[in-house]
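Student: Please work out how this folds:
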Amino acid sequence: MSTPDTDAPPRTPIAAPPAGSPAPAPSRRPRRSRSWHRWVSPLALLALWQTGAMLGVIPERLLPSPTTIAATATDLLGDGTLGAAIGVSLRRVVAGFAIGAGAGVGLALLAGLSRWGENLVDPPLQMLRTLPIFGLIPLFILWFGIGETPKVTLIALAVAIPLYVNTLAGVQGVDARFGELAAVLRLPRAGVIGHVVVPGALPGLLVGLRLGLGSAWLALIVAEQINADAGLGFMINSAREFLRTDIVVLGLLVYSLLGLLTDAFVRLLERRALAWRHGLAPA
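Tutor: Numbers count the residues shown, from 1 in each chain. The predicted structure is shown next:
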């Protein structure tokens, strides 16, 4: 028969936390910001571009170096040409985006919340989605003239289609049990839309928002070829006539930077609005 080991150190009992005290929060590993990783490849490409221009591999006449384009940007900012062109283009995008977003989301709710609405709205919009919208430019000129209306209309149409498609998919993907719960709680129609449909369709709506913004900038480039007398497109066309490749490339870079900034804004909005979602994230 074994005897207990009297030489073992006494054990200290673990005290239970007092009643009512909050449970200790789980430790979280601090997340280091890795946003600078997104700039590695653009900066590397910029360095290769500059090196190729300095070595003569890239002819300055065909593609000016980044330093040349930076000097041109400084000159155009100094005399106000670039700032005025950006302001005009931004106004066109904002106007077209506001009209297209309102129409796209409104039609998606109409088609997603009722069968007759879907039968009424979805077939013509699906037909319109398969058309190359830039092929509608001649008709827009005939219908609206050569002023600002055809430009804004083209941008609005480019925004409305992706927003409609993605928002409709989000509305139709809302869990039916939430609708049943809303019926039990006797929520009015507006309450169902505000508390059930819109939050459930928000992921799809934000995807459509990003796609719509990208389409808006693409449509702007084409729209500003319609007899524009101001804006980035007008600046690029004028530079092309005088073989100012540096201004042409600068205008294209400004287009891309504006698109990148608006996309980053929507990404930030998406992270804030969908903070409750836990998905896979890149390491």
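Student: So Ile155 sits against Ala223, correct?
Tutor: Yes. Counting by CB atoms under 8 Å, Ile155 does reach Ala223; the two are 6.0 Å apart. Every C-beta, even on glycine, is put in place using the N, C-alpha and C of the backbone.
Student: quick one, what contacts the residue nearest the centre of the chain?
Tutor: Among the residues of the chain, the one closest to the centroid is Arg210, at 2.6 Å (CA atoms, centre = their mean). Residues near Arg210 by CB atoms under 8 Å, 6 or more residues apart in numbering: 263, 266-267, 270.
Student: show me where pLDDT drops low in the stretch 101-250 of the chain?
Tutor: 175-176, 178-189, 191-192, 194-195 (pLDDT under 70).
Student: Please enumerate the helices of the stretch 101-250 of the chain.
Tutor: Ranges of helices in the stretch 101-250 of the chain, per DSSP state H, counting those that start in this stretch, are 115-129, 137-144, 148-172, 176-184, 189-192, 198-223, 232-241, 245-273.
Student: for these, which one ends up most surrounded?
Tutor: helix 148-172 (a mean of 24; mean count of other CB atoms under 10 Å).
Student: In terms of secondary structure, what does that one contact?
Tutor: helix 81-113, helix 115-129, helix 137-144, helix 198-223 (3 or more CB pairs under 8 Å, 6 or more residues apart in numbering; DSSP states H and E).
Student: which one of the ones you listed lies closest to Ala239?
Tutor: helix 81-113 (10.4 Å; CB to CB).
Student: Please name the residues that touch Ala228.
Tutor: Ala228 neighbours (CB under 8 Å, 6+ apart): 151, 234, 237.
Student: Phi and psi next, for it.
Tutor: Main-chain torsions, Ala228, degrees, to the nearest 10: phi -80, psi 140.
Student: likewise Arg244?
Tutor: phi -90, psi 80.
Student: ok, now Gly173?
Tutor: Torsion angles, degrees, to the nearest 10, at Gly173: phi -90, psi 0.
Student: likewise Asp229?
Tutor: phi -120, psi 10.
Student: same question, Ile226
Tutor: According to degrees, to the nearest 10, Ile226 has phi -90, psi 80.
Student: Just list the residues touching it, thanks.
Tutor: Counted by CB under 8 Å, 6+ apart, Ile226 has contacts 137, 140-141, 146, 150-151.
Student: I figured Ala230 hits Val88, correct?
Tutor: Yes. Between Ala230 and Val88 a contact is recorded at 4.5 Å, counting by CB under 8 Å.
Student: more crowded one of those two?
Tutor: Val88 (20 against 16; other CB atoms under 10 Å).
Student: I figured that one hits Gly233, correct?
Tutor: No. Between Val88 and Gly233 there is no contact under CB under 8 Å: 9.3 Å.
Student: For Leu109, which of the helices of the stretch 101-250 of the chain is the nearest?
Tutor: helix 148-172 (6.5 Å).
Student: Would you reformat the helices and strands packed on helix 148-172 as TSV and include distance to Val254?
Tutor: Converted to TSV, these look like this (distance: least, CB to CB, whole Å):
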stretch	distance to Val254
helix 81-113	7
helix 115-129	29
helix 137-144	23
helix 198-223	11
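Student: returning to that earlier point: quickly name whichever of the contacts of Arg210 is closest to Val105.
Tutor: Once CB to CB is applied, the member of these that ends up nearest Val105 is Val266, at 14.4 Å.
Student: just to revisit the earlier point, closest to Met54 out of the helices of the stretch 101-250 of the chain?
Tutor: helix 245-273 (15.9 Å).
Student: on contacts alone, who are the packing partners of the closest one?
Tutor: So helix 245-273, by 3+ CB pairs under 8 Å, 6+ apart, packs with helix 66-78, helix 81-113, helix 198-223, helix 232-241.
Student: run the last query once more with 6 Å
Tutor: helix 66-78, helix 198-223, helix 232-241 (3 or more CB pairs under 6 Å, 6 or more residues apart in numbering; DSSP states H and E).
Student: could you dump those to a markdown table with distance to Thr130?
Tutor: Shown next, in a markdown table, are the helices and strands packed on helix 245-273 (distance: least, CB to CB, whole Å):
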| stretch | distance to Thr130 |
| --- | --- |
| helix 66-78 | 38 |
| helix 198-223 | 15 |
| helix 232-241 | 27 |
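Student: quick one: which of those is nearest Thr167?
Tutor: helix 198-223 (4.7 Å).
Student: ok now the closest one, how far from the chain's centre?
Tutor: 6 Å (CA atoms, centre = their mean, to the nearest Å).
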